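Undergrad: kindly return the folded structure for what I paste below:
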Amino acid sequence: MQPFRIVVIGAGHTGTPLLQQLLAAPFVTLLGVADLDLSLPGIALARSRGIPVTTRFTDLLTEHGSTVDIVIDVTGEPAVREALRRHMVDAGNQQTVILHEKIALLLMSLSAGERIEGRHGEVAYA
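TA: Okay, the predicted model is just below:
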């Protein structure tokens with residue numbers, strides 16, 4: 001069975017523990033991590049495991065195209081969400097699923113057995 005091929009956007013407070021879980025999962029292939037701040041702990045973690053990092057998530061999506069199964073956006077930034085959606089439409093990518101930060105927090109909470117809070121507050125995915 002083929003592993004889930006994932007790109008993560010955001011490597012800070014929420015992204016770092018998420019990356020730890022993804023890197024520990026044998027059924028996940030992490031294709032890349034993007035964040036504007038390449039000094040974050042999640043970026044260092046990705047680099048230490050040989051995972052490509054960039055400040056431009058579109059570079060990862062252009063490189064891997066529709067072979068990306070899931071893009072996890074944990075930035076909490078409406079501008080990033082809009083740019084991500086625009087990129088997917090422009091690329092004609094209807095295969096890749098965009099996973100919102102709230103869903104990532106839910107899955108992390110289920111794994112931890114307690115509610116995990118993000119730092120971005122209540123940000124709608126409009």
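Undergrad: ok, residue 62 touching residue 90?
TA: No: using Cβ atoms under 8 Å, residue 62 is not in contact with residue 90; the gap is 10.4 Å. Where you see a C-beta, it was placed from the backbone N, CA and C, and this is true even at glycine.
Undergrad: enumerate every residue touching residue 19.
TA: Shown in contact with residue 19 (Cβ atoms under 8 Å, 6 or more residues apart in numbering): 8, 11, 30, 33, 42, 45-46.
Undergrad: and it, what element?
TA: helix 15-24 (DSSP states H and E).
Undergrad: CA-only coordinates of the following helix or strand past that helix in PDB, if you can.
TA: Using DSSP H and E, the helix or strand that directly follows helix 15-24 along the chain is strand 28-34. Taking C-alpha atoms only, strand 28-34 is exported to PDB below (Å, rounded to 0.1, in the frame of the first residue of the first chain):
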ATOM      1  CA  VAL A  28       3.600   8.800   5.500                       C
ATOM      2  CA  THR A  29       6.100  10.300   3.000                       C
ATOM      3  CA  LEU A  30       6.700  13.900   3.800                       C
ATOM      4  CA  LEU A  31       7.500  15.600   0.500                       C
ATOM      5  CA  GLY A  32       8.400  19.000   1.900                       C
ATOM      6  CA  VAL A  33       7.800  21.700   4.500                       C
ATOM      7  CA  ALA A  34       7.200  25.400   3.800                       C
END
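Undergrad: mind giving me the packing neighbours of strand 28-34?
TA: strand 4-9, helix 15-24, helix 41-48, strand 53-54, helix 57-64 (3 or more Cβ pairs under 8 Å, 6 or more residues apart in numbering; DSSP states H and E).
Undergrad: so what strands line up beside the fourth one?
TA: In this case it means strand 53-54. strand 28-34 (parallel) (DSSP bridges).
Undergrad: run through who's touching the strand it pairs with.
TA: 3-11, 15, 19, 22-23, 42-43, 46, 49, 51-57, 59-60, 63-64, 67-68.
Undergrad: and stretch 87-103, by the same measure?
TA: Residues contacting stretch 87-103 (Cβ under 8 Å, 6+ apart): 10, 14, 58, 61-62, 65-66, 68-76, 81, 84-85, 118, 120, 123, 125.
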